[in-house]
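In: Whatever this is, show me its structure:
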Amino acid sequence: MDWLLIIVLLPLFAAAAVGFVPGSQRRAIRGITIGASGLSLLCALIAFCSFEVGGGLQFETKWIWVESLGLHFHLAADGINIGIILMGAIVAFSAACCADDITHRVKEFHVLLNLMIGGILGAFASMDLFFFYFFHELALVPTFIMIGVWGRGANRNYATYKITLYLSFGALLALVGLIGVYVQAGAKSFSIPELIATVQATPIDEAAQQWIFPLLMFGFGILVSLWPFHTWAPLGYGAAPTATAMLHAGVLKKFGLYGLIRVAIPMAPAGAQSWLGVLAWLALANLLYCGLVAVRQKDLNQLIGNSSVAHMGFIFLGIASLNVIGLTGAVLVMIAHGLLAALAFGLSGHLYRQTGSLEMGRMGGLLRQMPLAGSALLMALLAGCGLPGFANFAGEVTVFFAAWAAGLKTVTVIAAWSALVIGGLYMMRAIRAILHGPLGGDWAKAADLRPLIATALGLLLAALLVFGFAPGLLAKRIEGDVEKIVRLAKPSQPQATEATGR
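Out: Just a heads-up that it's a prediction; the model follows:
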């Protein structure tokens, strides 16, 4: 069954269907969007459960698009992207359920939302370099429009310009790097598996790899908010509508990380070994600097945004370790953080709708006023601390072991201290300010989570707990395929790599 094709096409068909519905029919518009994302989630769950470990590429759909250029519409899943696709489908459904805060131009918003969902799922499912980039842009452009038109706060326009400039520049750098890969490989196809096979047989000249990899590293890195190119993220998420922030912070932001693992390291391994040490220190800056900035925040969205940027440091560190356990941990954190970021921004969006403010000094006593939302926020903040039992813990601990084994001992010690001390400090501060203490003045007319939103956010929380208590559900799928990438990056020492990784 072509599950991936169905997963990708459903939201795109929903965007077209919403276009034919009169703008006044808000219930029908929301019903189509929620229904399509719900069906995509069901198909993603079936694909994840039926995925055969060690079975290579599965659920393939491959059509010739432009034969003379070697362009194919090629969707497929392996151990690296099957969990990300499931996470993306969960977040997409939850975001669609939380989009009821849009009260004007509802039709246009939901058309863009469906295009964004389709682009996100298509980008992670694509095995053709052209469509890999095309689907990302299909998801990215609606992000800019949604923040500019439906965003909130006095800095909305500034946030729109900043996020557009930063992410457009990052995407352009990545595009130049991808073109460099295609040209230097002398390939006749944009197929990622065929490109990797070509490069494995005839490696790209090492001098070329030394400029291709940094282009990809910094291009993809800007899309992920790599320090010091990170300042767009907290500002953009603070101004974005709830559903947009959930999708971008939760899923689309992982495109750059996925691109480093899927494309940059296998196709420019010599460049990777030269530059990943730099990436490790920049990852440390994400953890340390952005964590300290989060400590100083008084606005909940800004705290979540800076925390999200800090958590990207774990993933960069796992990639920089360049061993099996590190890349496995990086993918685990990608999935865990996607679920956590969507949960946190979904809850902050609900609180903003109820009070019109996210100033933490005015939000005391939430657990008494909204026990359901307060309990969910408590668990989200504890998950952000890396509490055992949540999926974040499994991924972060794995990354620390990998970085230590890779010889990055100084970076590992400082990163662990940043995570345990600084991360715990800003999360505990938020718990004290928002959930406990005297009842805030903004809660007089506030209502708890409605059933639909509670179900959507509960699904995110449930996934965090399931993958936290049983991380092997993801790890056993991921490990075999990241071993192949490590062998491509370190062909002269495969046995040592595997021993280190395990």
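In: just checking, what's the longest helix in this structure?
Out: helix 324-355 (DSSP state H).
In: burial measure for Gly318, as a count.
Out: Other residues near Gly318 number 33, with proximity taken as other CB atoms under 10 Å. The way it works is simple: take the backbone N, C-alpha and C, and place the C-beta from them, glycine included.
In: Report the buried residues of the longest helix of the chain.
Out: When burial is assessed from 16 or more other CB atoms under 10 Å, helix 324-355 yields the following buried residues: 324-352, 354-355.
In: Same question for stretch 452-459.
Out: Buried residues in stretch 452-459, counted by 16+ other CB under 10 Å: 453-454, 456-459.
In: For stretch 107-117, which outside residues touch it?
Out: Stretch 107-117 is touched from outside by 11-12, 14-15, 18-19, 21-23, 29-30, 32-33, 36-37, 40, 92, 95-96, 99, 102, 138-139, 142-143, 145-146, 149-150, 241, 243-244, 247, 252, with contacts defined as CB atoms under 8 Å, 6 or more residues apart in numbering.
In: Name only those of the residues you listed that count as buried.
Out: With burial judged by 16+ other CB under 10 Å, the buried subset of the contacts of stretch 107-117 is 11-12, 14-15, 18, 21, 29-30, 32-33, 36-37, 40, 92, 95-96, 99, 102, 138-139, 142-143, 145-146, 149-150, 241, 243-244, 247, 252.
In: Just the ones in helices from those, please.
Out: Of the positions in these, 11-12, 14-15, 18, 29-30, 32-33, 36-37, 40, 92, 95-96, 138-139, 142-143, 145-146, 149-150, 243-244, 247 sit in helices, assigned by DSSP H.
In: you'd agree Trp63 is in a strand?
Out: Yes - looking at Trp63 with DSSP: H, G, I helix; E, B strand; the rest coil, it is inside a strand.
In: Ignoring the adjacent residues along the chain, who's closest to it?
Out: Setting aside the residues directly before and after it, Trp63 is nearest to Phe73 in space (CB to CB, 6 or more residues apart in numbering), at 4.5 Å.
In: Does that neighbour touch Thr61 like I think?
Out: Yes - at 7.2 Å, Phe73 counts as touching Thr61 under the criterion of CB atoms under 8 Å.
In: List the residues that contact the closest residue to Ser126 other than its chain neighbours.
Out: If you skip the residues right next to it in sequence, Ser126 has Phe132 as its closest partner in space, 4.3 Å away by CB to CB, 6+ apart. Listed by CB under 8 Å, 6+ apart, the contact partners of Phe132 are 123, 126, 192, 259, 263.
In: quick one: the fourth one and Ala171 touch, right?
Out: No - the pair formed by Gly259 and Ala171 falls short of the contact definition of CB under 8 Å, at 10.5 Å.
In: So the two - more neighbours on which side?
Out: Relative neighbour count places Gly259 above the other of Gly259 and Ala171, with 25 against 20, counting by other CB under 10 Å.
In: ok so that one is a strand residue?
Out: No - secondary structure of Gly259, determined by three-state DSSP: helix, with no strand assignment.
In: Angles on the backbone of His230, please.
Out: phi -110, psi -10 (degrees, to the nearest 10).
In: Same question for Gly55.
Out: Dihedral angles of Gly55 (phi, psi; degrees, to the nearest 10) stand at phi -90, psi 10.
In: That one and Tyr289: what is the separation?
Out: Summarising the geometry, the distance separating Gly55 from Tyr289, computed by CB to CB, to the nearest Å, is 42 Å.
In: distance of Asn155 from Phe467?
Out: Here the criterion is CB to CB. By it, Asn155 lies 35 Å from Phe467.
In: the more surrounded of these two?
Out: Just comparing Asn155 and Phe467: by other CB under 10 Å the higher neighbour count belongs to Phe467, 25 against 14.
In: Let me see the contact set for that one.
Out: Contacts of Phe467 by CB under 8 Å, 6+ apart are 332, 335-336, 339, 391, 394, 473-474.
In: Heading C-terminal from the host helix or strand of it, find the next helix or strand.
Out: Secondary-structure element containing Phe467, defined by DSSP states H and E: helix 451-469. Next along the chain after helix 451-469, taking DSSP H and E as the criterion, comes helix 472-489.
In: how distant is that following helix from the center of its chain?
Out: In terms of CA atoms, centre = their mean, to the nearest Å, the centre of helix 472-489 is set 19 Å apart from its chain centre.
In: which residues make contact with that helix from outside it?
Out: Judged by CB under 8 Å, 6+ apart, the contacts made with helix 472-489 from elsewhere in the structure are 51, 53-54, 78-80, 82-83, 196, 200, 261, 265-266, 269, 272-273, 322-324, 327-328, 331-332, 335, 391, 394, 466-467, 494, 497-498, 501.
In: Least confident secondary structure element in this structure?
Out: The element with the least model confidence among the helices and strands of the chain, by mean pLDDT, DSSP states H and E, is helix 494-501, at a mean of 38.
In: Could you check stretch 159-167 and say which residues are buried?
Out: For stretch 159-167, burial by neighbour count (16+ other CB under 10 Å) applies to 159-160, 162-164, 166-167.
In: In stretch 202-220, which of the residues would be classed as buried?
Out: Of all the residues in stretch 202-220, those buried under the rule 16+ other CB under 10 Å are 203-204, 208-209, 212-220.
In: Using TSV, please lay out those residues together with secondary structure, pLDDT and distance to Gln184.
Out: Converted to TSV, the buried residues of stretch 202-220 look like this (DSSP: H, G, I helix; E, B strand; the rest coil; pLDDT from 0 to 100; distance: CB to CB, whole Å):
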residue	secondary structure	pLDDT	distance to Gln184
Pro203	coil	84	10
Ile204	coil	84	5
Ala208	helix	88	5
Gln209	helix	87	8
Ile212	helix	90	7
Phe213	helix	90	11
Pro214	helix	92	14
Leu215	helix	93	12
Leu216	helix	92	12
Met217	helix	92	16
Phe218	helix	93	18
Gly219	helix	92	16
Phe220	helix	92	18
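In: need the residues you listed in TSV with distance to Leu226, can you?
Out: Shown next, in TSV, are these (distance: CB to CB, whole Å):
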residue	distance to Leu226
Pro203	26
Ile204	23
Ala208	23
Gln209	20
Ile212	17
Phe213	14
Pro214	12
Leu215	13
Leu216	12
Met217	8
Phe218	7
Gly219	10
Phe220	8
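In: just those now: which is nearest His436?
Out: Distances from His436 to the buried residues of stretch 202-220, taken as CB to CB, are shortest for Phe220 (40.2 Å).
In: Surely that closest one is in contact with Leu167?
Out: No - with contacts defined as CB under 8 Å, Phe220 does not count as touching Leu167, sitting 11.2 Å away.
In: so what sits against both of the two?
Out: Any residue near both Phe220 and Leu167 by CB under 8 Å, 6+ apart counts here, and not one turns up.
In: Can you tell me, leaving aside adjacent residues, what's nearest to Leu45?
Out: Leu86 (6.5 Å).
In: Wait, a helix at Gln297?
Out: No - residue state for Gln297 (three-state DSSP) corresponds to coil; a helix is not indicated.
In: I'd like to know how far it sits from Ala270.
Out: Look at Gln297 and Ala270: by CB to CB, they are 41 Å apart.
In: Also Cys385?
Out: Taking CB to CB, one finds Cys385 at 38 Å from Ala270.
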